[in-house]
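>>> quick one: sequence and predicted model below, then my questions.
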Amino acid sequence: MRLSPETMLPASVGHPGYDRASQTAGIVHIGIGAFHRAHQAVYTDDAMSTGDRDWGIIGVSLRSGDVAKQLNPQGGLYTVATRSIAGSSLRVIGAVQKVLVAAEEPQAVIDAIAASETHIVSFTVTEKGYLRAAGGSLDFVAAKGSSSLYRFVGAALAARHAAGLPGLTLLSCDNLAHNGAVLRRLMREYLAAEYPDLTDWFDARCRCPATMIDRIVPATTDADRAAIEGELGVRDEGAVVTERFSQWVIEDDFAGPRPRWEAVGAELVADVAPYETAKLRMLNGAHSALAYIGLGAGHALVHEAIGDPAIRPVIEALMRDEAAPTIDAAPGQDLSAYADALLDRFANPALHHRLIQIAMDGSQKIPQRWLETLAWHQRRGARCPSIEAAIDAWIAFLRSGDHPIDDPLADRLRAAVAGPGARRALFGADGLLPYEWIAD
Ligand code: CS2
């Protein structure tokens, strides 16, 4: 038996506190992977449980039909399993109404975004999903391709404009520096080329707030699904597993209505940058270092790597001595307490977060995670031994052949590290990553 709206859930399992069937969809979310299901969809489900209405989510997968096959037969329902040393708890989320696969039904995606009930289009498409060319402008060849978010949003914005409908909030929830501004710039470049009549309307009527999103969500495994089935009594193909911690800081700059996410734990602020920078350089920076250093030392999981007495001090120094001083903290933001909390979160043995999952797409992640920190210190004549150790571990990872290299630049990375002078080939003035770190 599959999880469905008819399932009688065990009393210990949380469930939506609102009538799902009577909600319209106010959000279209592009890139409905595990992260969205354990983060934004949970806040939205909470907001509807506290009385907010009509914030159902239509999920979109740009390419793969996997999530649609997991969720659609379950009426959009799925379980979030929260795991810590204190134990596990289960909750069924009702915010997602259905999942569309853009590659199979592109017009349905455009229609959903163009619908008058839709106010927000949000994104978790990963760093590479923004289709940036070196230098930061839009890669037009990719942006005109079949799995480009810009094609769908552009066509839908044109339809809204033609129908006299209000603009939209485009909400990037990916780990990019200044994610809102990046999305605005790239979307605008796309519109200027493809729908030049729309740019003024886009500037006046659409908003792209910045967000800092944080929850550790390892890829769900078959063992996770089997354990959850044991507890639920039915099979849930869409289950996700996460930690207790969750944080969402959002720039309060919306084009129209939004859920009352602030009533359920999100922080709506004027300036997200200090939170975003701390998260990228401390959490994500440490994560990527753990991935490459940890894999090199023979570990498979994050909690094993942080438990290694030879690795932990490197990661602590990366966060406390290298990343933290570069951050202009907001009032009340305590970076030392943040580092303490991160060390505890990394050590969570109940999560089974695979290092190889974090190691993926290094070329897309490393600039905002390590290079900004390095540059800050370099300008002051200082070096970053931990980040440099992590860079050497990345180079060793790229050279070793022990693990598949899952990265859009895989071939070029392998070529760059093949000979001597790998640091320069990666980061020098003519290096692969557009960056001017003096690399020796
Ligand atoms: C991780 C992130 O896979 C990765 O690159 O660093 O997904 C990380 O777990 C999240 O950003 C935590 O909020």
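On my side now, so go ahead.
>>> count of neighbours near the closest residue to the ligand within the chain?
Closest residue of the chain to the ligand, Cβ to the nearest ligand atom: H287 (3.5 Å). All C-beta spots, glycine's among them, are computed from the backbone N, C-alpha and C. Counted with other Cβ atoms under 10 Å, the neighbours of H287 add up to 24.
>>> now do P257
By the measure other Cβ under 10 Å, the count of residues near P257 is 14.
>>> what's the answer for the one 4 residues further on, then?
Neighbours of W261 under the rule other Cβ under 10 Å: 19.
>>> same question, D308
Neighbour count of D308, defined by other Cβ under 10 Å: 17.
>>> surely it touches G294?
Yes. At 7.3 Å, D308 counts as touching G294 under the criterion of Cβ atoms under 8 Å.
>>> coming back round to it: gap between the helix or strand hosting the residue of the chain closest to the ligand and the chain center?
Using DSSP states H and E, H287 sits in helix 285-296. Counting by Cα atoms, centre = their mean, to the nearest Å, helix 285-296 is centred 18 Å from the centre of its parent chain.
>>> contacts for that helix?
The contact list for helix 285-296, computed with Cβ atoms under 8 Å, 6 or more residues apart in numbering, reads 302, 304-306, 308, 311, 314-315, 318-319, 323, 342, 346, 355-356, 358-359, 362, 365-366, 369-370, 373, 386-387, 389-390, 393-394, 396-397, 400, 402-403.
>>> again, only this time at 6 Å
Contact with helix 285-296 is made by 302, 305, 311, 315, 318-319, 323, 355, 358-359, 365, 369-370, 390, 393-394, 396-397, as judged by Cβ atoms under 6 Å, 6 or more residues apart in numbering.
>>> try stretch 391-404
Y292, I293, G296, I356, G362, L413, V417, A422.
>>> number of residues surrounding the first one?
Think Y292. Look at Y292: counted by other Cβ under 10 Å, it has 25 neighbours.
>>> then the second one?
Using other Cβ under 10 Å, the number of residues around I293 comes to 26.
>>> tell me how far it lies from D407.
Counting by Cβ to Cβ, to the nearest Å, the gap from I293 to D407 is 18 Å.
>>> ok, now R379?
Distance, R379 to D407, by Cβ to Cβ: 28 Å.
>>> neighbour-wise, which of the two wins?
D407 (19 against 8).
>>> state whether that one and S363 are indeed in contact, as I suppose.
Yes. Here D407 reaches S363: they are 5.3 Å apart, a contact under Cβ atoms under 6 Å.
>>> please parse the chain into its domains.
Domain ranges of the chain: 20-269, 273-427, per automatic domain parsing.
>>> end-to-end on the first one?
Here the two ends of domain 20-269 are set 30 Å apart, with distance taken as Cα to Cα, to the nearest Å.
>>> and that domain with the ligand, contact?
Yes. Using Cβ under 6 Å from any ligand atom, domain 20-269 reaches the ligand at N175, D214, R215, I216.
>>> what about that domain, average pLDDT?
The average pLDDT within domain 20-269 is 97.
>>> for the stretch 251-400 of the chain, which residues are neighbours of the ligand?
The stretch 251-400 of the chain has residues L283, N284, H287, Q357, I358, K365 near the ligand, with proximity defined as Cβ under 6 Å from any ligand atom.
>>> may I see the PyMOL selection of the buried members of those?
Burial among these is assessed by 16 or more other Cβ atoms under 10 Å; the matching PyMOL selection reads:
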select buried, resi 283+284+287+358+365
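>>> closest to A223 out of the residues of the stretch 251-400 of the chain next to the ligand?
Taking Cβ to Cβ as the measure, A223 lies nearest Q357 of these, at 15.2 Å.
>>> helix or strand: which one has that closest one?
Per DSSP H and E: helix 355-359 holds Q357.
>>> other residues contacting that helix?
Here helix 355-359 has contacts from A219, H287, A291, G294, L295, H403, using Cβ under 6 Å, 6+ apart.
>>> tell me the mean pLDDT over that helix?
Rounded mean pLDDT across helix 355-359 is 98.
>>> next helix or strand past it?
Later in the chain than helix 355-359, the nearest helix or strand by DSSP H and E is helix 362-366.
>>> which SSE is immediately downstream of that following helix?
The first helix or strand that comes after helix 362-366 along the chain, using DSSP H and E, is helix 372-379.
>>> quick one: that next one to helix 285-296, angle?
Helix 372-379 runs at 100 degrees relative to helix 285-296, counting by axes from the mean of the first three to the mean of the last three Cα atoms, to 10 degrees.
>>> just checking, next helix/strand downstream of helix 372-379?
Next in sequence after helix 372-379, counting helices and strands by DSSP H and E, comes helix 385-400.
>>> which parts of that next one are buried?
Those would be S386, I387, E388, A389, A390, I391, A393, W394, I395, A396, F397, L398, for helix 385-400 by 16+ other Cβ under 10 Å.
>>> next: stretch 230-240.
L232, V234, D236, E237, G238, A239, V240.
>>> and if you look at stretch 61-79?
Residues of stretch 61-79 classed as buried: 61-62, 67-68, 70-72, 74-79 (neighbour count, 16+ other Cβ under 10 Å).
>>> hmm, H353 and H303 touching each other?
No. Here H303 does not reach H353: they are 7.3 Å apart, not a contact under Cβ under 6 Å.
>>> perfect, I'm done here.
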